[in-house]
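Q: Have a look at this prediction, sequence included:
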Amino acid sequence: MNVLIAVPVFNEQRYVADVLSRIRLLADDVLVVDDGSTDGTAQVLAATPGIAVIRHPVNRGYGRSLIDAFGYADARGYDWIITIDCDDQHEPDRIPAFIERAGRDDVDIISGSRYMCDLPGNTAAPDDRRRINREITDLLNQTLGLALTDAFCGFKAYRVAALARMSLSVPGYAFPLQFWVQAARRKLRICELPVRLIYNDPTRHFGGVLDDPDARMQHYLNVFHIEMVRMKSATCRFVPCGSATIMDDGSGEHKNARTHPTLLKQ
């Protein structure tokens, strides 16, 4: 099973070197998509050996970075691609759990969830982000027949052959709205894995009008409506993830913190 780890970055000079060093301990094939960084991120990447880099000359958006990473994985014959953000909100140590789950070969999308388990070390999400996530997740579940607990987590594993059947085009932060509609319409098999909820910097912003929660929510709804019209209808089949969250209590022993609940939509 050939697996690519893809890391979208934009102005992450503060975190990128450490995150990449941790990823490279666990994976040989690493792609960074630098979305037009202006803060010195590009110089850090140029000095980092053993990674591939796609650089956008200007900022094109988080969704565009993911789409380019998907295309890279497909063109080079990877079986799976795992996406992980570079702002220190995702733990590279969870990558093996995604790879192990992918190896069972019975799902197409393995989506990280920060809300399905109350894991040790979880932090509090900003109120507007948690509220919007909850409302959008409920909307997707009710409309598409999904059973998600976290619609927006960027820590995911995707079967590359399944992505090749999709026509993704939303360049910005509303990308998940288009993605979930198409995943449901194409009856992709989906499960979730628990990951820690980490917000080291709750003041980080989306930029522009999307910093206003009401405007951000309306933008998400607009993208969802447009994609629903395009797709007409959607159904989805869920299978059990059957995975456990492995936590290290510092004693050198790993403990089974909580077993993943069965997902049942059919």
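A: Received the coordinates, thanks.

Q: Give me the nearest residue to the residue most central in space within the chain, chain neighbours excluded.
A: The C-alpha lying nearest the average C-alpha coordinate of the chain belongs to residue 154 (CA atoms, centre = their mean; 2.0 Å). Leaving out its chain neighbours, the residue that sits closest to residue 154 by CB to CB, 6 or more residues apart in numbering is residue 85, at 4.6 Å. For the C-beta atoms, the positions are set from N, CA and C on the backbone; glycine is no exception.

Q: Got the confidence number for that neighbour?
A: Residue 85 is assigned 92 on the pLDDT scale.

Q: what does residue 117 give?
A: So, for residue 117, pLDDT stands at 80.

Q: Could you check how far the residue nearest to it when sequence neighbours are not counted is from residue 131?
A: Excluding the flanking residues, the one nearest residue 117 by CB to CB, 6+ apart is residue 194, at 4.2 Å. Distance, residue 194 to residue 131, using CB to CB, to the nearest Å: 21 Å.

Q: Compare these two and say which is more crowded by neighbours.
A: More neighbours surround residue 194 than the other of residue 194 and residue 131, with 27 against 13 (other CB atoms under 10 Å).

Q: and that one, what are its phi and psi?
A: With angles defined as degrees, to the nearest 10, residue 194 sits at phi -70, psi 140.

Q: my read: it touches residue 113, true?
A: Yes. Between residue 194 and residue 113 a contact is recorded at 5.7 Å, counting by CB atoms under 8 Å.

Q: circling back to that earlier point, run through the residues that contact the residue nearest to the centre of the chain.
A: Contacts for residue 154 (CB atoms under 8 Å, 6 or more residues apart in numbering) come out as 8, 62, 83-85, 90, 112.

Q: The residue nearest to residue 154 contacts residue 5, doesn't it?
A: No. Counting by CB under 8 Å, residue 5 is not a contact partner of residue 85; they are 11.7 Å apart.

Q: Neighbour count for the two, which is higher?
A: residue 5 (26 against 17).

Q: in what helix or strand does that one lie?
A: strand 3-9 (DSSP states H and E).

Q: Provide the secondary structure category for the residue nearest to the centre of the chain.
A: Under DSSP: H, G, I helix; E, B strand; the rest coil, residue 154 falls in the coil class.

Q: Residue 6 versus that one, what's the distance?
A: Distance, residue 154 to residue 6, by CB to CB: 10 Å.

Q: what about the strands in the stretch 51-200 of the chain?
A: Along the stretch 51-200 of the chain, counting by DSSP state E, counting those that start in this stretch, strands occupy 52-55, 80-83, 109-113, 156-159, 189-194.

Q: Would you convert these into JSON lines that also reports distance to residue 127?
A: As requested, these are arranged in JSON lines below (distance: least, CB to CB, whole Å):
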{"stretch": "strand 52-55", "distance to residue 127": "35"}
{"stretch": "strand 80-83", "distance to residue 127": "26"}
{"stretch": "strand 109-113", "distance to residue 127": "19"}
{"stretch": "strand 156-159", "distance to residue 127": "25"}
{"stretch": "strand 189-194", "distance to residue 127": "22"}
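
Q: Residue 74: which of those strands is closest?
A: Within those, the stretch nearest residue 74 is strand 80-83; the backing value is 8.7 Å (CB to CB).

Q: Packing partners of the closest one?
A: strand 3-9, helix 62-75, helix 95-102, strand 156-159, helix 160-163 (3 or more CB pairs under 8 Å, 6 or more residues apart in numbering; DSSP states H and E).

Q: Count the neighbours of residue 107 for me.
A: Counted with other CB under 10 Å, the neighbours of residue 107 add up to 23.

Q: ok, and the closest non-adjacent residue to it?
A: Nearest in space to residue 107, with sequence neighbours left out and distances taken as CB to CB, 6+ apart, is residue 189 at 4.4 Å.

Q: Let me know the distance separating the one you found from residue 159.
A: In terms of CB to CB, residue 189 sits 9 Å off from residue 159.
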